[in-house]
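Student: structure of the sequence below:
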Amino acid sequence: MSARMLGAMLAAMALLVLAFLLAPMAAIIPLSLSPTEVMRFPPDGLSLRWYRELLSSDRWLLAGRNSLMVALATTALATSLGTLAALGLTLGRFRGKAVVIAALSLPIITPSIVTAAAMFLAFSMVGLAGTFVGLVLAHTVVAVPFVLIAVLAALKGFDMTLLRAAAASGAAPHVAFLRIIVPLIAPGIFTGAVFAFATSFDEFIITLFIAGPAQYTLPRQIYASVREFLSPTICAAAVLLFLCSALLLALTEWARGRSQ
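Tutor: Prediction:
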């Protein structure tokens, strides 16, 4: 078998897997355009009725605003902490560095229900449960590992002699960090920030445990709407979330291309 044929077979298999994964999400798009409240596939016609209802509903707009505010705050905090942690782990010389990296990455592999229950118990003791600050901190815990991994990967190709040259030139550590390190690893920082935003914006289980009545986010509103009344408005909200995730993925690929 030639290399070209093998490559074509692998590409075909990848496309089949991608189609299998995207088919359920693609089915949501025509359902969101249904002209009636009955969700039937294929729909009887096409209409933007449910998108207009979504964008004119106070509950959905409030949920969207809450999701955006929490995601932006989480992105800022997680990006700062993850970048500094990655820099410290890269420049530090100590034993057990791999253990520290594994410990910081635990939120990625720990089941969300376990993390959410633990956070709820801990935050309840200090009065953070049901608050905006508590929700941002909870999302930050699960978002920091994504920033850490992305920035660590960017720092792999960083020339540390540049820092010694900056120190020899009299540059203060914070000046060297802002003018040398940050510009060179900016694509990695940006990638981590995008993943942090997406993680926070789509987070549901931790939000369900930590958020109070005033912190209704978009995933939580979708869940509440499914329990109350199954409407094509939910499909319209799901399509917008899907498009947001696709845009974030495109931005990540753009940042990866810049880093290369």
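Student: which parts of the longest helix seen in the chain are buried?
Tutor: If you go by DSSP state H, the chain has its longest helix at helix 58-91. Neighbour counts using 16 or more other C-beta atoms under 10 Å place 60, 63-64, 66-67, 70-71, 73-75, 77-79, 81-83, 85-87, 89-90 of helix 58-91 among the buried residues. All C-beta spots, glycine's among them, are computed from the backbone N, C-alpha and C.
Student: pLDDT weak spots in the stretch 101-250 of the chain?
Tutor: 159 (pLDDT under 70).
Student: can you dump the C-alpha coordinates of the host helix or strand of residue 133 into CSV?
Tutor: Assessed by DSSP states H and E, residue 133 sits inside helix 132-155. Taking Å, rounded to 0.1, in the frame of the first residue of the first chain, the C-alpha atoms of helix 132-155 are listed here in CSV:
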residue,chain,number,x,y,z
PHE,A,132,-20.6,35.8,41.7
VAL,A,133,-17.1,35.7,43.2
GLY,A,134,-17.5,32.1,44.2
LEU,A,135,-18.7,31.1,40.7
VAL,A,136,-15.7,32.9,39.1
LEU,A,137,-13.3,31.2,41.5
ALA,A,138,-14.9,27.8,40.9
HIS,A,139,-14.6,28.2,37.1
THR,A,140,-11.1,29.4,37.5
VAL,A,141,-10.0,26.2,39.2
VAL,A,142,-11.1,24.1,36.2
ALA,A,143,-9.8,26.7,33.6
VAL,A,144,-6.3,27.2,35.0
PRO,A,145,-5.0,23.8,33.8
PHE,A,146,-5.8,24.6,30.2
VAL,A,147,-3.8,27.8,30.4
LEU,A,148,-1.0,26.1,32.2
ILE,A,149,-0.6,23.4,29.5
ALA,A,150,-0.8,25.9,26.6
VAL,A,151,1.7,28.2,28.1
LEU,A,152,4.1,25.4,29.1
ALA,A,153,4.0,24.2,25.5
ALA,A,154,4.8,27.8,24.3
LEU,A,155,7.7,28.1,26.8
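Student: and that helix, what does it pack against?
Tutor: Other helices and strands packing on helix 132-155, by 3 or more C-beta pairs under 8 Å, 6 or more residues apart in numbering; DSSP states H and E, are helix 58-91, helix 97-104, helix 106-109, helix 112-126, helix 186-202, helix 205-210.
Student: alright, that wraps it up for me.
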